[in-house]
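[1] heads up, no residue letters with this:
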């Protein structure tokens, strides 16, 4: 169920939607979990050719910082650093693509 209507500005993007809260986990065993608040969009200006927002944009208002998924994980104590790194496998690689929250694979 959605919360109140919200209007958020991210630079050139003007977003409207309802605030929702869901539980999110960063491990398959569901031992590292936190509640994550997000904006379910019903109107967006300035996001041309974009199907959705992953939740990685930091809102300029510090009170809204937990709308950023990575900052939410850090503020909840699930990761030590507000960092996400992506490893993208190429067409000739046997590995799968993945994301690491809180650090990076040194290899």
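    Arrived safely, thanks for sending. Remember, predicted model here, so these are calculated numbers, not experimental data.

[2] residue boundaries of the strands in this protein?
    Along the chain, the segments classed as strands by DSSP state E run 5-10, 13-25, 33-45, 84-87, 98-101.

[3] just so I know, which of these lies nearest residue 67?
    Among these, strand 33-45 comes nearest to residue 67, with 6.3 Å by C-beta to C-beta. Just so you know, the C-beta spots here come from the backbone N, C-alpha and C atoms, and that holds for glycine as well.

[4] still on that earlier bit, residue 62 is nearest to which of the strands of the chain?
    Distances from residue 62 to each of the strands of the chain were compared by C-beta to C-beta, and the smallest falls on strand 5-10, at 13.8 Å.

[5] Give the rounded mean pLDDT of that closest one.
    In this model, strand 5-10 carries a mean pLDDT of 82.

[6] Identify each buried residue in stretch 33-48, please.
    34, 36, 38, 39, 41, 44 (16 or more other C-beta atoms under 10 Å).

[7] ugh, wrong one, I meant stretch 76-86
    Buried residues in stretch 76-86, counted by 16+ other C-beta under 10 Å: 78, 79, 82, 84.

[8] just stretch 15-27 next, same as before
    Using 16+ other C-beta under 10 Å, the residues of stretch 15-27 that count as buried are 15, 17, 24, 26.

[9] Adding distance to residue 69, write the strands of the chain out as JSON lines.
    Supplementary listing: those in JSON lines, determined by distance: least, C-beta to C-beta, whole Å:
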{"stretch": "strand 5-10", "distance to residue 69": "14"}
{"stretch": "strand 13-25", "distance to residue 69": "8"}
{"stretch": "strand 33-45", "distance to residue 69": "6"}
{"stretch": "strand 84-87", "distance to residue 69": "8"}
{"stretch": "strand 98-101", "distance to residue 69": "8"}
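
[10] Tell me which of those lies nearest to residue 74.
    Between residue 74 and the strands of the chain, the shortest separation by C-beta to C-beta is 9.0 Å, and it involves strand 98-101.

[11] what is the mean pLDDT for the closest one?
    Computed over strand 98-101, the mean pLDDT rounds to 86.

[12] Cool, thanks, talk later.
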